[in-house]
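S.K.: dropping a prediction and its sequence here:
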Amino acid sequence: GFMTRHERKIFDDLKSPHLKYWVPFVWFGNLASKARNEGRIQDSVDLQALMNEMNKFRSWCSLLFGYDWVGIPLVYTQVVTLAVYTFFFACLIGRQFLDTDQGYQGHDLDLYVPIFTLLQFFFYAGWLKV
């Protein structure tokens, strides 16, 4: 609903090796200039404000395109993987329940299944895989 069928055909027929996010901005600029010349936009200050907002939005789209173009470095994924597994191991040791009133010799680790720590690990590991 953002384009007419004719505009969509022109957009699809345009050959570009990259994304064509900039085409509607060019169309908008041309239509705004035409509206100013026809008197639909009364003041050049209004036209300037419209063009400034359009340029700001176009620069945000360009920034987003740049983020899409550059992949996440492999080192980042390795560091995050190491951090998740190290955090899980530290949680397994650190979240053991030791009741000192029971008089455990040497404060040995309790052997129980830390359900919430496992759920947290599955959540983080699943998030990591995504």
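M.R.: Sure thing, it's come through. Residues are numbered from 1 along each chain as shown.

S.K.: quick check: Val113 vs Val84, distance?
M.R.: Note on Val113: its distance to Val84, by Cβ to Cβ, to the nearest Å, is 20 Å. Where C-beta positions appear, they are placed from N, C-alpha and C, glycine not excepted.

S.K.: repeat that for Met54.
M.R.: 42 Å.

S.K.: before we move on, the earlier item: neighbour count: Val113 and Val84, which is higher?
M.R.: Between Val113 and Val84, counted using other Cβ atoms under 10 Å, Val84 has the larger neighbour count: 15 against 6.

S.K.: let me know the pLDDT of that one.
M.R.: For Val84, the model assigns a pLDDT of 87.

S.K.: is it true that it touches Gly126?
M.R.: No. Look at Val84 against Gly126 with Cβ atoms under 8 Å: they stay out of range, at 10.3 Å.

S.K.: give me the residues contacting stretch 40-52.
M.R.: Stretch 40-52 has contacts (Cβ atoms under 8 Å, 6 or more residues apart in numbering) with Gly29, Ala32, Ser33, Ala35, Arg36.

S.K.: among these, which lie within helices?
M.R.: Gly29, Ala32, Ser33, Ala35, Arg36 (DSSP state H).

S.K.: out of those, which one sits closest to Trp69?
M.R.: Set against Trp69, the nearest of those by Cβ to Cβ is Gly29 (24.0 Å).

S.K.: burial check on the closest one, number of neighbours?
M.R.: 16.

S.K.: state the distance from it to Glu7.
M.R.: In terms of Cβ to Cβ, Gly29 sits 15 Å off from Glu7.

S.K.: ok, Met51 next?
M.R.: Taken as Cβ to Cβ, the span from Met51 to Glu7 is 20 Å.

S.K.: okay, now the unreliable bits of this structure?
M.R.: Residues of the chain that meet the criterion pLDDT under 70 lie in 98-101, 103-104, 106-112.

S.K.: how far off centre is the lengthiest helix in it?
M.R.: Looking across the chain with DSSP H, the single longest helix is helix 44-69. Helix 44-69 sits 19 Å away from the centroid of its parent chain (Cα atoms, centre = their mean, to the nearest Å).
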